[in-house]
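Chemist: can't give you the sequence, but here's the structure:
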């Protein structure tokens, strides 16, 4: 582990850290793994530039907001350039939730920066973007980097959720960047963090501060992808870890033959993780939030869908099964979405704030519109209470706290007892519940994520060397062997459009939800009826780092299907 | 997957099963693994017999109960016997909860039986001991066995919890055993199932039915071990799977630095799984039920212990940590144990049964003794309600349903707020909860479990060949390479004593709890204070089947420590 000991004076900061004394055998063996790099990054590179680019939407507005970083070309690296030995320092920040491979982005960047000139330094800002603003950092050296190669977690420097959005933060940042002689800052984050990276790049460019900013696509949720970015890092490892567990549960389910397992999976709004896990494990049921919304399904529709499958399996003597539920489901059910919106408004008033806790439910019921009141009344007590009573500091309903897996299984149980009374179901229904998220965010990266992240970091050093700012480090052709991967950079503005945030139109990177016309969903949709009734479980097992290449180097099913043309 | 399709007539049973059509790459690659066998089992063997044995307790009574199977010698196989080609058929039963490696016991037995004579047949009784009584079975062939080599789960023939205890069941069993020409029955199970195997062996011996019965030590809980049995199969894989997840959570915990993770672990009464996982991952806190009982700790003592560590870590700026909780904890707290006993009695009366559900709490409070009432009132509402209201069909409190991880974290939160008011704590406490059990019971067996189980099964065929009954298949010296493992058999009566079950004294295999004087606990106890305050997490990572031998062939820490002399 790393313990940061800060001794802060206004101008200096000394950090000591102790090296892990006890490691698992896997940690020790895995430290020696040399991640694979694309051929184009192995020696001296030359940057091949494409034509000027445009944003995916709102071109005029985005151009006006980013006069210095708009319209730049896509860059692709090819081998054969002339080696130089530029001297510069670089800073790096981990932003937001953990994702497997973050340490390899750092080690790739470190190796890349040192390969250009061994005197170059890499600094890490501590506990996320806040470290830049508060001037908390460490300098990496060989010993520290070697300690973290191919490991999971973000613990090497920690991460944080401070948003870099204000001029004041940018100005605090430039102080320390100048002090450390940093020519470029690499920000590892999701869509929001990369949007902010671009805003920062634009600001420093507009001020001629001479500091470049490069983003890196991170998130286990898989929702940072587009025509340029094939996948965000960490998605591969997290999905493989969850699929290992789901497969183990399916095998238990098929052996004991007496439980229905309801498994909720992290992933925020998007259902990419649930879909990928379904493709890997072939469960009896997997809900996809984006489909629920598109088909305007109600909670009852979903409950009926599950109960029907339970009944059909019971008719075959199979009183067991597995159901995958994406974390964001509840917000995608149109009726619930509407209810939550009105609840947020209703509860945000001063009048509501003065209502005693035990009277809030009655207050809510008295103020909701008829439609939403009906929805509210249809919910199990516990969930209704949770929606009305548990609010975050901004007064909003805390949707993520709702135990959707328990909500659905209890509603299915109720529906089944009605069906039994109607003679439409004869079986036993007993449920187990699981929620997987923290189990996979910090797993040691798969070979794919180890290679991909190392390449993203190494590639960032090349983007810095050729003076780019406002670019994201991008590695593509990722279903081919790493040797053949394509390395380069894409202007972040190219991925932007305007969206409403807190009532104002903001430039943001468009979030990728599951596309119902995409190959991964289509494959799932074509097979799910068979998976529902027949027991066609697949058991992916634990992530392997050694062994046959088809076992230890395969990418996600999502990537494979998206690359079918 | 396997689908059993029964077409039952009184005397015949046809089973069809379909071969899995879709497999993961790991499943395919792993099917080719050839489990390692002890040297002594590789060719023709000879049985070396020791002196007569005695039971661990109540010798006279056990001898009287088992006149035909008591006192037999321990058997050890050595190479150099003469090969024969006995002709016989064997039946096998999976009993109780799943454990990784069950399929390898079957494949080892199959290979062993066929190696003796290719005409020998192996039958599997379906869905546990009930299959013997109900005459539901399949015959194994190469195709089916090959489909399941080195896989997790018990789905090849299913398992069940029917107890073989009644003469009527034994007689129903002998009918089908005779019909199929079965000379020996192998029962794979935990302490109860092996006790029953011995009772069955004794019965068939007393009747001169000519059917041998051999047991196999299975359970992820690790509580079936003694001076003869070093470990039960499945414990290794299950603990490694849970430790993978705990390590991942620790890494997340140490990266985000904002949550305390409360993790409950399966394992029934014994804390072997929690202890092994602690040895593998070095969490901040691990509770051991056996110690709680020995020290007569109250729930408050435990809560104070945790809260103290939370406060000490907070004082160092570490508002995060991990707590491991054994599933059986609550029953080992003397005050709660007493309360549960009185609750069971109080609620078992006819009067209690007639009390309306909403009045049960008041009824309970009016009837509990002063001591137990005080304990009851000290519990959080939800838990008190669960204890009073959720009973199994026998009227007993369902202890396993109590979410101990949530109970403890909510009580710790309360204690911390008191400490804050007293100026003894300044920190933030935010908890996440997990329960791991089903995630590991059916994992694909580690190399150790794959080898160990295959050897147990193969070894059983040798015990059968030399005419043994009432023996358990035993493989020892398991911390050495498989080549050097010792194979043989131990009379089950040797492990027995009398214990009270449902008010009557019964012969049972003594259950192994965590020994507070044993090396695994002593190692833990010597290090836990340091693990509590310093962050010394170890990240075991996913089970590896290929790679360096120290990564993919290591045994549990428990076994390693128990073998230190």
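Modeler: Happy to help now that I have it. Note that this is a predicted model, so its numbers are computed, not measured.

Chemist: those strands in the stretch 1-150 of chain A, which residues are they?
Modeler: For the stretch 1-150 of chain A, the strands identified by DSSP state E, counting those that start in this stretch occupy A:5-8, A:13-16, A:45-49, A:75-79, A:89-94, A:122-125, A:137-139, in order along the chain.

Chemist: now do the stretch 401-550 of chain A
Modeler: Taking DSSP E, counting those that start in this stretch as the criterion, the stretch 401-550 of chain A carries its strands at A:431-436, A:471-476, A:486-491, A:496-501, A:504-509.

Chemist: List the buried residues for the last one?
Modeler: Read it as strand A:504-509. Within strand A:504-509, the residues that count as buried by 16 or more other Cβ atoms under 10 Å in any protein chain shown are A:507-509. Using the backbone N, CA and C atoms, a C-beta is placed for each residue, glycine as well.

Chemist: Ok, stretch A:548-565 next?
Modeler: Neighbour-count burial for stretch A:548-565 flags A:548, A:551-559, A:561-562 (criterion: 16+ other Cβ under 10 Å).

Chemist: So which residues on the stretch 51-200 of chain A come close to chain B?
Modeler: With Cβ under 8 Å from any Cβ of the partner chain as the criterion, the stretch 51-200 of chain A meets chain B at residues A:97-98, A:127, A:151-155, A:158-159.

Chemist: The stretch 251-400 of chain A against chain B: which residues are in contact?
Modeler: Near chain B, when you scan the stretch 251-400 of chain A using Cβ under 8 Å from any Cβ, you find A:251-252, A:254-257, A:261, A:280, A:282.

Chemist: What about those residues, which are in strands?
Modeler: Secondary structure of these is defined by DSSP state E; positions in strands are residue A:261.

Chemist: Restrict the residues of the stretch 251-400 of chain A next to chain B to the buried ones and give me that as a ChimeraX selection.
Modeler: Of those, the buried ones can be selected in ChimeraX as follows, counting by 16+ other Cβ under 10 Å:
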select /A:251,252,254,255,256,257,261,280,282
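
Chemist: Now do the strands in the stretch 251-400 of chain A.
Modeler: Using DSSP E, counting those that start in this stretch, the strands of the stretch 251-400 of chain A run over residues A:260-265, A:285-286, A:321-326.

Chemist: okay if I get those strands as TSV plus mean pLDDT and distance to residue A:399?
Modeler: TSV is the format used below for the strands of the stretch 251-400 of chain A (pLDDT from 0 to 100; distance: least, Cβ to Cβ, whole Å):
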stretch	mean pLDDT	distance to residue A:399
strand A:260-265	98	12
strand A:285-286	98	20
strand A:321-326	98	12
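
Chemist: rewinding a little: between the strands of the stretch 401-550 of chain A, which gets nearest to chain B?
Modeler: Each of these was checked against chain B via Cβ to the nearest Cβ, and the shortest separation belongs to strand A:431-436, namely 6.3 Å.

Chemist: And that closest one, what does it pack against?
Modeler: In this structure, strand A:431-436 packs against helix A:235-256, strand A:260-265, helix A:404-421, with contacts taken as 3 or more Cβ pairs under 8 Å, 6 or more residues apart in numbering or on different chains; DSSP states H and E.

Chemist: low pLDDT regions in chain A?
Modeler: Flagging of chain A using pLDDT under 70 yields the residue ranges A:1-21, A:393-395, A:565.

Chemist: gap between the closest residue to residue A:24 other than its chain neighbours and residue B:480?
Modeler: Nearest residue to residue A:24, sequence neighbours excluded (Cβ to Cβ, 6 or more residues apart in numbering or on different chains): residue B:540, at 4.4 Å. For residue B:540, the distance to residue B:480 under the criterion Cβ to Cβ, to the nearest Å works out to 22 Å.

Chemist: And those two? Which one has more around it.
Modeler: Under the neighbour definition other Cβ atoms under 10 Å in any protein chain shown, residue B:540 and residue B:480 were set side by side, and residue B:540 has more, 27 against 13.

Chemist: wait, what's in contact with the more buried one?
Modeler: A:24, A:26, B:240, B:243-244, B:247, B:280-281 (Cβ atoms under 8 Å, 6 or more residues apart in numbering or on different chains).
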